[in-house]
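Colleague: one predicted model, sequence on top.
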Amino acid sequence: MGDIVQVQGLVKRFGELMAVDHVDFSIAAGEIFGLLGPNGAGKTTTISMISGLLDPTDGDVLVDGNSVRSKPIAVKRVLGVVPQEIALYPTLSAKENLQFWGRMYGLSGKELSSAVDEALELAGLADRARERIEKYSGGMKRRINIAAGILHRPRVLLMDEPTVGIDPQSRNHILEQVKRLNAAGMTVLYTSHYMEEVEFLCDRVGIVDHGKVIAMGTIDELRRVVGDSDIVRIGVDDTLTAEALDAVRAITGVSTAERADSMLEVLATDGGGALAAIVSALTAAGEKVHSAEVIEPNLESVFLHLTGKSLRD
Amino acid sequence: MPRFLRIALKDLVVSLRDPSALGVLMGMPVVLILILGSAFGGLGDAGGSFGKVAIVNLDAGPASADQTDVGDEVVSLLAGNEDISALFEITERDDAAEVRRQVEAGELVAALIVPEEFSARINDADPVELEVLRDPGSELSSGVWESIARSIAAELSRVSVVAQTAGTAAAEAGLAPEAVGAVVGAAVQAATGDGVEPPILVATTDLQRDAREIGPLDYYSLSMTSMFLLFVSMFGAFSFITERREQTMARLLTTPTQRSAYVGGKMLGIMLLGLVQFGVLFAYTSGMMRVNWGESVLATWMIAGGELAAATGLAVLIASIAKTERGAGGIGPLVVQVMALLGGAFFQISILPEWIQPIRYVSVVGWALEGFQKIQIEGAGPAEVLGQFAALLAFAVVFFGIGVWKLRDSR
């Protein structure tokens, strides 16, 4: 299947800050592509340029063959966007909001009416359609926020961290909905800093940090980047000394060891085998160990391996 | 329907669901017009007092000393009556022209003018008129005053008829003094009977608002409307800033909507809100308060439209300066109140020294108020207020231009 989105050498500079630094990737039609990275990595800026909201400093984006620079309206007709914020009108009802956004995407008459009804059903909020958004819970608002982006059945859906700050039940509902939309043929670009979501949803993933794509591939391809390395996560005191950290790094098989608050994250081949040596080194350095777990290779260990820091940093 | 119109209608609905917008744009001016109009005498009808009235006695007195000074009698019947004094604050005045001006200006609700040859004409049995001046803006108060004047005129007429009838009968018949009583009785009956034309009449003059001066209610209706129409700019700025903060603007710009359609829709939404506001204030003041806005409704709406265009431009400017709703909430009222002060919304600019009066022309409110007043006082039509309309549009262009320049500069 051909690429429906082609991001070519995309650059965005805000003064001295290089927010997006020569990013290249393509998304095949029907694919769910994930952009995984910590907050501030440049995911939202990238999506903003793809959707035509921000002008690129350099580079271009082609969506269905149209350049976002020269034919932004043609690009926007193909896209649906679900922003990170709840971008709805609080004093309008869910139905009024959806009607408005549907009209902005060019729907009208019966087509609009049925699209709104369908979106409300999908969101599970048909019975509360006439309530003002301001009375909704966070999860309900998120669902309408998504509904407003898919009313017009876009060929490409851009979702920017759509599950931030919601309860697990609503998150599951949203993830399942994304799967269903994709199964119906919609191409999805999904950004998140939640590894689990990206692993659950995406066919391919680009890992971004400091505005650059530092790794890209399928989940399995990315896992292979860290080989057999596991993450060993140790609960320690906030006052963990540099000497103790150095002692851990000196253990055979340990590739990185970083502390984030009261958690020490160690990337080590054969994590189970290394665990005893790590605990021993910490104890010998006078540190207390409060908890310990070994996590098999995942996108987080990839990120830790590539950047030396946790996704949550 | 074009997208910009959809955006404008959405904004109108959002604004009309905002209690603070409704309170400031419609509630506050309604209350302020009522309070200021009442405080400065235009709404005497609504209070317990019937307001200020004046009596001007121009009567030169009777031709001979044995005749009655009827002018003095009128004054004492009115000013000396406790019941009447409880209703009105009565002053005796000498300058009829000044009293006429004050009634025209609404400073007095009514006045009574006793003409120069009042006593002489009555004593000669010639018909004569008392003149009542009324402020149409104080219909009830001036109506009560007129009724009182009519009853006094009727009373004096009866006395006059009695005297004339008795005197004539006594002279012609050479009756003895004891028979005079019977003659007087007959005369009184004649005076109160049908078909008798009373010698003292009351002429009522409703002073029309085509005079140069207008009443406080008229003035404050126009000035408060001019001021509060400009408050639309603050809520317009809120609308821009809130859309920016809540990311609905960003979302809108990811739809196939041109930036020009977005900005145009937002601005049209502000205009529509202002037009609804003006419609409410116009209906309230002209319908319930009986304020006369002038002959030309088209010219009135033209000036309102011009001011709202300026308010819309100002909204863009405020939104370009203030980054938050709180900032706009500080800048907006400050700008509006300075413009209201300079434009004469709180007091008539004519009370200022002549050299400083042109200061009103730096204010949107000043131009709008001048336009409204030309329509109201001079009966101006659309052609006569083109200058004010053009000035308001110039404000709109300047505000919008600076606002857009600042927005581009900050991008």
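Modeller: Great, that's in hand.

Colleague: how much space between whichever residue of the stretch 1-150 of chain B sits closest to chain A and A:Ile133?
Modeller: Going by Cβ to the nearest Cβ, chain A is nearest to B:Arg17 of the stretch 1-150 of chain B, at 4.4 Å. Where C-beta positions appear, they are placed from N, C-alpha and C, glycine not excepted. Taking Cβ to Cβ, to the nearest Å as the measure, B:Arg17 falls 12 Å from A:Ile133.

Colleague: overlap of the contact sets of those two?
Modeller: A:91-92 (Cβ atoms under 8 Å, 6 or more residues apart in numbering or on different chains).

Colleague: in terms of neighbours, single out the busier of these two.
Modeller: A:Ile133 (19 against 14; other Cβ atoms under 10 Å in any protein chain shown).

Colleague: how about the residues of chain B by chain A?
Modeller: B:1, B:3, B:6, B:10, B:13-14, B:17-18, B:246-248, B:250-258 (Cβ under 8 Å from any Cβ of the partner chain).

Colleague: out of those, which end up buried?
Modeller: By neighbour count, with 16 or more other Cβ atoms under 10 Å in any protein chain shown, the residues of chain B next to chain A hold B:3, B:6, B:10, B:13-14, B:18, B:246-248, B:250-257 as buried.

Colleague: which stretches of the stretch 151-300 of chain B form helices?
Modeller: B:177-192, B:216-230, B:232-245, B:248-253, B:259-283, B:297-321 (DSSP state H, counting those that start in this stretch).

Colleague: can you say which of these is packed in most?
Modeller: Highest mean neighbour count of those: helix B:216-230, a mean of 27 (counted as mean count of other Cβ atoms under 10 Å in any protein chain shown).

Colleague: quick one: least confident helix or strand in the chain?
Modeller: All of this refers to chain A. Least confident helix or strand of chain A, by mean pLDDT, DSSP states H and E, is helix A:299-307 with a mean of 76.

Colleague: sorry, I should have been clearer: chain B.
Modeller: helix B:177-192 (a mean of 57).

Colleague: what about the strands in the chain?
Modeller: Looking at chain A here, since you left the chain open. Applying DSSP state E to chain A gives strands spanning A:3-14, A:17-28, A:32-36, A:58-63, A:66-67, A:79-82, A:156-160, A:187-192, A:204-209, A:212-218, A:229-235, A:254-260, A:263-269, A:291-295.

Colleague: sorry, should have said chain B
Modeller: Going by DSSP E, chain B shows strands at B:52-57, B:89-93, B:110-114, B:128-134, B:200-206.

Colleague: quick one: these as TSV, columns for mean neighbour count and distance to B:Val338 too.
Modeller: As requested, the strands of chain B are arranged in TSV below (neighbours: other Cβ atoms under 10 Å in any protein chain shown; distance: least, Cβ to Cβ, whole Å):
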stretch	mean neighbour count	distance to B:Val338
strand B:52-57	23	34
strand B:89-93	15	37
strand B:110-114	25	38
strand B:128-134	22	38
strand B:200-206	16	39
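
Colleague: now do residue 196, the pLDDT please.
Modeller: Went with chain A since none was named. On pLDDT, A:Glu196 comes in at 85.

Colleague: you answered for a different chain; I wanted chain B.
Modeller: Reported pLDDT at B:Val196 in the predicted model: 49.

Colleague: and chain A, which residues reach chain B?
Modeller: A:48, A:51-53, A:73, A:76-77, A:79, A:81, A:83-92, A:96, A:100-101, A:103-106, A:148.

Colleague: what subset of these is buried?
Modeller: Neighbour-count burial (16+ other Cβ under 10 Å) applied to the residues of chain A next to chain B gives A:48, A:51-53, A:76-77, A:79, A:81, A:83-90, A:92, A:96, A:100-101, A:103-105, A:148.

Colleague: and the least confident helix or strand of chain A, what does it pack onto?
Modeller: On a contact count with 3 or more Cβ pairs under 8 Å, 6 or more residues apart in numbering or on different chains; DSSP states H and E, helix A:299-307 meets helix A:195-201, strand A:204-209, strand A:212-218, helix A:219-225, strand A:229-235, strand A:254-260, strand A:263-269.

Colleague: pull the fourth one out as PDB, backbone CA atoms only.
Modeller: In this case it means helix A:219-225. Presented in PDB, the C-alpha positions along helix A:219-225 are these (Å, rounded to 0.1, in the frame of the first residue of the first chain):
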ATOM      1  CA  ILE A 219       7.700  -2.900  17.800                       C
ATOM      2  CA  ASP A 220       9.800  -6.000  17.300                       C
ATOM      3  CA  GLU A 221      12.400  -4.200  15.300                       C
ATOM      4  CA  LEU A 222      12.800  -1.600  18.000                       C
ATOM      5  CA  ARG A 223      13.000  -4.200  20.800                       C
ATOM      6  CA  ARG A 224      15.900  -5.700  19.000                       C
ATOM      7  CA  VAL A 225      17.800  -2.500  19.300                       C
END
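
Colleague: hmm, back to that, out of the buried ones among the residues of chain A next to chain B, which sit inside helices?
Modeller: Counting by DSSP state H, those place A:48, A:76-77, A:96, A:100-101, A:103-104, A:148 in helices.

Colleague: now distance to B:Pro358 too, for those residues, in CSV please.
Modeller: Conversion of these to CSV gives the following (distance: Cβ to Cβ, whole Å):
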residue, distance to B:Pro358
A:Ser48, 50
A:Lys76, 51
A:Arg77, 54
A:Glu96, 49
A:Phe100, 47
A:Trp101, 50
A:Arg103, 49
A:Met104, 47
A:Ala148, 53
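
Colleague: any idea of the mean pLDDT in stretch B:302-318?
Modeller: Here stretch B:302-318 scores 94 as its mean pLDDT.

Colleague: ok now it, how far from the chain's centre?
Modeller: Mean C-alpha position of stretch B:302-318 versus that of the full chain (Cα atoms, centre = their mean, to the nearest Å) differs by 25 Å.

Colleague: also stretch A:15-25?
Modeller: With Cα atoms, centre = their mean, you get 18 Å for stretch A:15-25.

Colleague: buried set for it?
Modeller: A:18-21, A:23, A:25.

Colleague: wait, which of these is closest to A:Thr256?
Modeller: A:Asp21 (23.0 Å; Cβ to Cβ).

Colleague: from A:Gly206, how far off is that closest one?
Modeller: Note on A:Asp21: its distance to A:Gly206, by Cβ to Cβ, is 13 Å.

Colleague: which residues touch the closest residue to B:Gly379 other than its chain neighbours?
Modeller: Spatially, and ignoring its direct neighbours in sequence, B:Gly379 is nearest to B:Glu295 (5.0 Å; Cβ to Cβ, 6 or more residues apart in numbering or on different chains). Taking Cβ under 8 Å, 6+ apart, we find B:Glu295 in contact with B:375, B:379, B:381.
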